[in-house]
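Peer 1: my questions concern the predicted model and sequence given below.
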Amino acid sequence: MKDIPLHHHGILSSRLAIGCMGFGGSWDEAEPYTLEHMKQLEAVVDAALSIGINFFDHADIYTRGKAERMFGELLAAKPSLREQIFIQSKCGIQLADEALPVRYNFSKSHIVASVDGILNRLGTDYIDLLLLHRPDPLMDPEEVAEAIELLKKSGKVKHFGVSNMHSAQIEYLRSATQEPFIVNQLHLSLAHRHFLDQELLINRNEGGAVSFDPALMPYMQQQRIQIQAWGPLAQGRYTGASRPDATEADLLTARYIEQLAQQKETSKEAILLGWLMKHPAGIQPVLGTTNAARVLACQDAERQAELMTREEWWSLYAAASGTFQPVILP
């Protein structure tokens, strides 16, 4: 399989990434994480490294900072680990509290202070990549550029990117800085197919319900911006999780994925991720699991992407869309 776009920027990143949103226990800031939570994190990191995953995705808001603090404890206990891995974090979301709602903040002061907080919690001098987490309608690109320049010159951040942004927003930010934005992290999966539907349903009535920038996928491919997928395993919708909102199409797709996994002697997770990674954009799935066994179940994903036929890819898309019923063998 061809290199992912990150490799064009000289970044030796693994094809899969580990999302750390689930670590740190509850989202109650006052509730501490436990020794069991630390053991869970260590098991996931060990599992990831054992199958060649070196990329770990954070955000300053994940469990209100506890996810990064936990990871920082792990780095302190294993000092050699820092240079073996690639750490990405995000800033720009301010969570609701008693006085204020959720809001987004790309002011220079907030970005710089957020990075200082991230570095303090992780116990490191730098992060490899900083993403601006969600669009701020009040953002001033010149002010963002000043923050980027300061963080780059100080050595606190090596690379920059965005999350959940469309092409015009990225271009607006790029207009003020020479620093490239090398990542855009989006919600993509077999269950969240808007990135494909906007192409396939053009000029059709069904396309009215699709919400995705039609220029975004080709734009990112042309600009060699790494597309990262959050939620790529669809919260277990097709791999065994019990979901009260499951549709007949979901259940049939899950059975088809299970059949493909049995035929190919692999895991259901590898089939599901392989479908996403088959896309020529070189999508990098971010695995949001805290289960080490599930991390290991994903190790065959890249090979399954290479092996997956066009017919299998289209059958999975159509089954999940509810427009096709694949033959399920007894």
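Peer 2: It's in.

Peer 1: and the helices in the stretch 201-330 of the chain, which stretches?
Peer 2: For the stretch 201-330 of the chain, the helices defined by DSSP state H, counting those that start in this stretch cover 216-222, 248-264, 268-277, 292-297, 301-307, 310-321.

Peer 1: how about residue 15, nearest residue that isn't a chain neighbour?
Peer 2: Sequence neighbours aside, residue 302 is the residue nearest to residue 15 in space, at 5.1 Å (criterion: CB to CB, 6 or more residues apart in numbering). In short, each C-beta sits where N, CA and C put it, glycine included.

Peer 1: residues in contact with the one you found?
Peer 2: Contacts for residue 302 (CB atoms under 8 Å, 6 or more residues apart in numbering) come out as 1, 15, 16, 274, 277.

Peer 1: how about residue 56?
Peer 2: Contacts for residue 56 were tallied using CB under 8 Å, 6+ apart; they are 17, 18, 20, 45, 48, 71, 85, 86, 87, 88.

Peer 1: now residue 18
Peer 2: Residue 18 touches 44, 45, 48, 53, 55, 56, 57, 286, 287, 289, 295, counting by CB under 8 Å, 6+ apart.

Peer 1: and what of residue 243?
Peer 2: The contact partners of residue 243, taken as CB under 8 Å, 6+ apart, are 235, 236, 237, 250.

Peer 1: just curious, which of those residues is nearest to residue 63?
Peer 2: Taking CB to CB as the measure, residue 63 lies nearest residue 235 of the contacts of residue 243, at 17.5 Å.

Peer 1: isn't that closest one up against residue 245?
Peer 2: No: the pair residue 235 / residue 245 is not scored as a contact, 10.3 Å apart, by CB atoms under 8 Å.

Peer 1: more crowded one of these two?
Peer 2: Neighbours per residue (other CB atoms under 10 Å) separate residue 235 from residue 245, with residue 235 holding more: 13 against 6.

Peer 1: mind checking how far the more buried one is from residue 272?
Peer 2: 11 Å (CB to CB, to the nearest Å).

Peer 1: please indicate which of the contacts of residue 243 are buried?
Peer 2: 236, 237, 250 (16 or more other CB atoms under 10 Å).

Peer 1: for the stretch 151-300 of the chain, which residues score under the pLDDT cut-off?
Peer 2: Across the stretch 151-300 of the chain, nothing is flagged by pLDDT under 70.

Peer 1: returning to that earlier point: among the contacts of residue 243, which one lies nearest to residue 153?
Peer 2: Among these, residue 235 lies closest to residue 153 (CB to CB), at 40.2 Å.

Peer 1: the helices in the stretch 1-150 of the chain, which residues?
Peer 2: In order along the chain, the stretch 1-150 of the chain carries the following helices (DSSP H, counting those that start in this stretch): 5-8, 35-50, 66-77, 108-122, 141-154.

Peer 1: the second one vs helix 66-77, what angle?
Peer 2: For the pair helix 35-50 and helix 66-77, the angle between their directions (axes from the mean of the first three to the mean of the last three CA atoms, to 10 degrees) equals 70 degrees.

Peer 1: list the contacts of helix 35-50.
Peer 2: Here helix 35-50 has contacts from 18, 20, 23-25, 54, 56, 70-71, 73-74, 81, 84-85, 289-293, 295-296, using CB under 8 Å, 6+ apart.

Peer 1: before we move on, the earlier item: show me the two of the contacts of residue 56 that sit farthest apart.
Peer 2: 45 and 88 (14.7 Å).

Peer 1: any figure for the gap between residue 27 and residue 158?
Peer 2: Taking CB to CB, one finds residue 27 at 29 Å from residue 158.

Peer 1: swap in residue 21?
Peer 2: 22 Å.

Peer 1: still on that earlier bit, residue 137: which of the contacts of residue 243 is nearest?
Peer 2: Using CB to CB, these come closest to residue 137 at residue 235, 28.6 Å.

Peer 1: neighbours of the residue nearest to that closest one when sequence neighbours are not counted, how many?
Peer 2: Sequence neighbours aside, residue 241 is the residue nearest to residue 235 in space, at 6.4 Å (criterion: CB to CB, 6+ apart). Residue 241: 12 surrounding residues under other CB under 10 Å.
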